[in-house]
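> got a predicted structure plus its sequence, pasted below:
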Amino acid sequence: MALKLIFAGTPEFAVPSLRIAAERGEVVAVYTQPDRPAGRGRSATASPVKQKALDLGLPVYQPINFKSEEALQILKSHQADLMIVVAYGLILPEPVLSAQTLGCWNVHASLLPRWRGAAPIQRAIEAGDKRTGVCLMQMEKGLDTGPVLLQLSTNISADETSATLHDRLSHLGAEVLSDGLKLARLGMKFDAEPQSEVGVTYAKKIDKTEAVIDWQRDAQLIERRVRAFNPWPIAETQLQDERVRIHQAISLEADTDKVPGTILAANKEGIDIACEQGILRLLQVQRDGSRAMSVADYLNARALNLE
């Protein structure tokens, strides 16, 4: 049977799922965040989901929230069977969750109950997880607490960044959504699995202040943060009074009696910096107002004094 779908999402992560939802002409409305100032000119810019929806000729709605009766009545007027939510950016009140015959599904970028919340991709890398995935979840009032309908998993490689994992999970999310919609069209009931209360973790929103490297930490943790914070907010530090962003680094298992933050070596192989435990070797950096560059290119432009 055909379904009447509402799609709610905002960033690039949600675009592959929108394509899947819309491929059979079943999407009757797309909800996304209001246009936000972006770029150097700070002009109002449509979200990636809005841009794709307009490309597909779909009607777009951008309420600030669903607190008003008008916004709720407009939502109900679509008479949809199902609302699909992918990184929408709004907490949905109970009247929205129950407005559709089949309720609301959410595509979430973790293997729940691990990493409920806003930044599951970054927190999984930061924590050193070896595996993650996507869940198709029946939404309920709690934050990412609903029963899991379907899931797909993937390995996290040793050099994984949030950028590479984001793109892979984005497409896995579209895949798990496609599987779910096929079953729903057949009228099949899901073997929904309630989330365990064991192993619950929360992925708090990334704060830009977290990007400043604390050399009093273990080199392996700092290296994971470099990868977790790429492409945003990008890890940073001061190299002899110059702010430098770090795009790529590796941790070295080596002992040093130098104070954490001390530059131990600087050559074409990398810039080695002492940590509380181990050494972090910077491989790719970025000066203010410049592009990301290899350490060799950076050192050609600026010499560092070894302590």
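Looks like it came in fine.

> show me where pLDDT drops low in the protein?
Counting by pLDDT under 70, the ranges of the chain that qualify are 307.

> in it, which spans are helices?
All helices of the chain, identified by DSSP state H, fall at 15-22, 48-55, 69-77, 94-97, 120-126, 162-185, 219-228, 295-301.

> residue 256: which of these is closest?
Evaluated with Cβ to Cβ, those place helix 219-228 nearest to residue 256, the distance being 10.1 Å. Heads up, the C-betas are built off the backbone N, CA and C, glycines and all.

> now tell me what touches that closest one from outside.
If you take Cβ atoms under 8 Å, 6 or more residues apart in numbering as the criterion, helix 219-228 is touched by 122-123, 125-128, 159-162, 210, 213-215, 235, 246-253, 275, 277-280.

> how about the top strand by length along the chain: buried residues?
Counting by DSSP state E, the longest strand found in the chain is strand 242-252. For strand 242-252, a neighbour-count test (16 or more other Cβ atoms under 10 Å) marks 244, 245, 246, 247, 248, 249, 250, 251, 252 as buried.

> now do stretch 45-53
46, 47, 48, 49, 50, 52, 53.

> on that earlier part again, among the contacts of helix 219-228, which ones are buried?
Of the contacts of helix 219-228, these count as buried by 16+ other Cβ under 10 Å: 122-123, 125-126, 160-162, 210, 213, 215, 235, 246-252, 275, 277-280.

> can you pull out the strands in the stretch 1-150 of the chain?
Secondary structure of the stretch 1-150 of the chain (DSSP state E, counting those that start in this stretch): strands located at 5-9, 27-31, 36-38, 43-45, 60-61, 82-86, 104-108, 116-117, 131-138, 148-155.

> would TSV of the ones you listed with distance to residue 240 be doable?
Output for the strands of the stretch 1-150 of the chain, formatted as TSV (distance: least, Cβ to Cβ, whole Å):
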stretch	distance to residue 240
strand 5-9	44
strand 27-31	49
strand 36-38	34
strand 43-45	37
strand 60-61	50
strand 82-86	44
strand 104-108	43
strand 116-117	37
strand 131-138	37
strand 148-155	39
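
> residues contacting residue 94?
residue 141.

> any idea how far it is from residue 66?
Per Cβ to Cβ, to the nearest Å, residue 94 is found 10 Å from residue 66.

> appreciated, that's everything.
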